[in-house]
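Trainee: quick one, structure for this:
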Amino acid sequence: MQNPTRRTLLHGAAVSAALHTSKSRVLGANDRISLAIVGVGGRGTAHVNEYLKMAGARVAAIVDVNQAAQEKAQATVKRVSGEEPKVYSDMRKAFEDKSIDAVSIATPNHWHVLSALWAVQAGKDVYVEKPVSHNIWEGQQLVAAARKYNRIVQVGQQSRSTNHKMKAMKLLSEGVIGKVYMAKGLCYKRRKSIGRVPDEPTPPGVNWDLFLGPAPLRPFNQNRFKYNWHWFWDTGNGDIGNQGVHEMDIALWGLGKKTLPKSVVSTGGKLLYDDDQETPNTQIATFDFGDGTHMVFEVRGLITTGEAGLGLRGGNCVGNVFHGADGVLSIDSSGFWVWKGEKRELVMEEKADNSDTGAHMENFLAAVRSRKHTDLHCDVATGSLSASFCHLANISYRLGRKLEVDAANWRFTDAEANKMLSRKYRAPYIVPEKV
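Mentor: All right, here's what the predicted structure looks like:
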């Protein structure tokens with residue numbers, strides 16, 4: 001996908017050689033797994049707090065491009081554990097540290113694959129936030145690297161470790177509502193306008209070049225920094241690839257689908273707002289598998305109501321609805337419900353009973369010890385597939401037309417669409433053709 005120059009190829013080779021000098025240590029049965037947390041903003045702070053609760057984990061290093069975030073996370077670790085973690089601005093330095101066993105990545109989306117790739121090349125196991133990739137091609141590169149270097153790579157789609165969701169998916173596979181012909185993913189999450197903000201000098205303590213990484217170099221802007229980076233194509237994937245990838249994953253899980261669809265069409269827009277945001281706040285995507293099953297996904301960032309028995313929680317309705325020959329199953333973070341027959345009788349209801357993120361991280365640590373990627377609840381291959389559906393929808397939306405998919409080869413039948421399977425990476429932050 002990329003056409004790097006000889007200079008960038010040589011630089012990449014040098015980086016790879018340096019990272020390979022760090023080998024993973026052999027863990028004893030009672031050894032704690034030493035982790036570097038990469039990116040300690042909102043989600044990264046949750047990573048720090050969850051690992052600090054786990055007897056089998058040790059937060060050994062903090063990595064962030066923002067000095068203020070570094071200091072806050074370091075203080076938290078010291079206060080809770082009594083240990084002072086190492087601090088890095090450049091993740092590559094952390095990956096060279098032989099005392100680090102694994103890394104937990106909560107960077108912006110555009111950094112997910114490259115940071116995880118560098119980590120596995122350095123002999124580290126990886127927990128990486130969703131969506132695992134910023135584009136389809138690089139997700140497959142990470143899958144290949146995980147297998148090549150025999151690394152454990154878990155994607156942070158924690159629904160896969162949530163008890164009531166696991167039970168609901170099992171019931172669907174057993175035919176609780178008959179043959180499932182359609183799955184709907186709902187991301188009705190209220191997003192207010194981000195307004196317009198002028199460019200400004202980079203604030204003291206922020207390494208803006210490292211923040212941008214693979215993305216094009218541009219002036220510092222607050223709207224492209226903390227959290228709002230989600231709404232710009234350079235760094236994010238809109239809400240379908242933010243909150244939505246969780247529900248996309250559940251829809252695929254419930255349908256039992258492990259391949260790309262036959263076609264995709266997505267429409268929508270940034271409605272009502274006049275602001276800096278580039279991604280849509282209203283989006284509908286339909287995926288046809290060519291076998292009588294469909295998947296529909298909808299993003300609503302504006303004021304809305306609930307749907308199919310799923311009510312509003314904090315002004316949001318986020319969940320999934322499965323339609324079968326004999327009934328309907330609706331599910332969200334609070335539980336699931338099954339209605340059956342022509343009278344739509346409620347025949348089953350179950351409430352949530354566990355902490356999904358903590359359980360998902362515990363599953364990751366267990367797989368690090370077993371050395372079996374098949375023990376993971378959301379291996380990188382599963383995460384790459386779910387993210388790819390978000391990317392398919394966004395490519396269709398941005399081109400403004402229905403697209404046919406060559407599922408076997410992870411491509412479109414459309415030349416213009418194929419150009420959007422990857423991106424132009426900014427040297428030296430390049431995902432290589434050969435991992």
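
Trainee: how about the helices of the chain, start to end?
Mentor: For the chain, the helices defined by DSSP state H cover 6-20, 42-52, 67-81, 91-95, 112-121, 136-148, 163-173, 208-212, 244-255, 356-370, 380-399, 415-418.

Trainee: is it possible to get JSON lines of the ones you listed that adds distance to residue 228 and mean pLDDT?
Mentor: To be clear about C-beta, it is placed using only N, CA and C from the backbone, and glycine gets the same treatment. Compiled in JSON lines, those are given as follows (distance: least, C-beta to C-beta, whole Å; pLDDT from 0 to 100):
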{"stretch": "helix 6-20", "distance to residue 228": "30", "mean pLDDT": "44"}
{"stretch": "helix 42-52", "distance to residue 228": "12", "mean pLDDT": "97"}
{"stretch": "helix 67-81", "distance to residue 228": "16", "mean pLDDT": "97"}
{"stretch": "helix 91-95", "distance to residue 228": "22", "mean pLDDT": "97"}
{"stretch": "helix 112-121", "distance to residue 228": "18", "mean pLDDT": "98"}
{"stretch": "helix 136-148", "distance to residue 228": "23", "mean pLDDT": "98"}
{"stretch": "helix 163-173", "distance to residue 228": "29", "mean pLDDT": "98"}
{"stretch": "helix 208-212", "distance to residue 228": "13", "mean pLDDT": "98"}
{"stretch": "helix 244-255", "distance to residue 228": "17", "mean pLDDT": "98"}
{"stretch": "helix 356-370", "distance to residue 228": "23", "mean pLDDT": "96"}
{"stretch": "helix 380-399", "distance to residue 228": "18", "mean pLDDT": "98"}
{"stretch": "helix 415-418", "distance to residue 228": "27", "mean pLDDT": "98"}
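
Trainee: so who does residue 414 touch?
Mentor: Counting by C-beta atoms under 8 Å, 6 or more residues apart in numbering, residue 414 touches 399, 403-404.

Trainee: likewise for residue 230?
Mentor: 108-109, 236-239, 242, 279.

Trainee: closest one of these to residue 210?
Mentor: For these, the residue nearest residue 210 by C-beta to C-beta is residue 108; the value is 11.3 Å.

Trainee: list the buried residues in stretch 199-217.
Mentor: 206, 208, 210-215 (16 or more other C-beta atoms under 10 Å).

Trainee: gap between the two ends of it?
Mentor: Start and end residues of stretch 199-217 are separated by 13 Å (C-alpha to C-alpha, to the nearest Å).

Trainee: kindly report the same for stretch 132-139.
Mentor: The separation between the terminal residues of stretch 132-139, taken as C-alpha to C-alpha, is 7 Å.

Trainee: need the contact partners of that stretch.
Mentor: Applying C-beta under 8 Å, 6+ apart, the external contacts of stretch 132-139 come out as 1, 109-110, 112-114, 116, 142, 155, 214, 235, 237, 380, 383-384, 387-388, 391-392, 410, 420-423, 431.

Trainee: residues contacting residue 203?
Mentor: By C-beta under 8 Å, 6+ apart, the contact set of residue 203 is residue 220.

Trainee: for the contacts of residue 230, pick the one with the most neighbours.
Mentor: Counting neighbours by other C-beta atoms under 10 Å, residue 238 leads the contacts of residue 230 with 28 neighbours.

Trainee: my read: that residue touches residue 283, true?
Mentor: Yes: in this structure residue 238 lies within contact range of residue 283 using C-beta atoms under 8 Å: 7.1 Å.

Trainee: need the overlap of contacts for those two.
Mentor: Between them, residue 238 and residue 283 share the neighbouring residues residue 299, with contact defined by C-beta under 8 Å, 6+ apart.

Trainee: now tabulate the helices of the chain in CSV and tack on distance to residue 303.
Mentor: As requested, the helices of the chain are arranged in CSV below (distance: least, C-beta to C-beta, whole Å):
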stretch, distance to residue 303
helix 6-20, 47
helix 42-52, 24
helix 67-81, 32
helix 91-95, 40
helix 112-121, 31
helix 136-148, 33
helix 163-173, 27
helix 208-212, 32
helix 244-255, 18
helix 356-370, 27
helix 380-399, 22
helix 415-418, 33
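
Trainee: would you tell me which of those helices gets closest to residue 273?
Mentor: When those are compared (using C-beta to C-beta), the closest one is helix 380-399, at 16.7 Å.

Trainee: gap between the closest one and the chain center?
Mentor: Once both centres are worked out by C-alpha atoms, centre = their mean, to the nearest Å, helix 380-399 turns out to sit 11 Å from its chain's centre.

Trainee: relative to helix 244-255, how tilted is it?
Mentor: Direction vectors for helix 380-399 and helix 244-255, defined by axes from the mean of the first three to the mean of the last three C-alpha atoms, to 10 degrees, enclose an angle of 120 degrees.

Trainee: which other helices and strands contact helix 380-399?
Mentor: Applying 3 or more C-beta pairs under 8 Å, 6 or more residues apart in numbering; DSSP states H and E, we find helix 380-399 packed against helix 136-148, strand 153-155, helix 244-255, strand 263-269, strand 282-288, strand 294-300, strand 403-406, helix 415-418.
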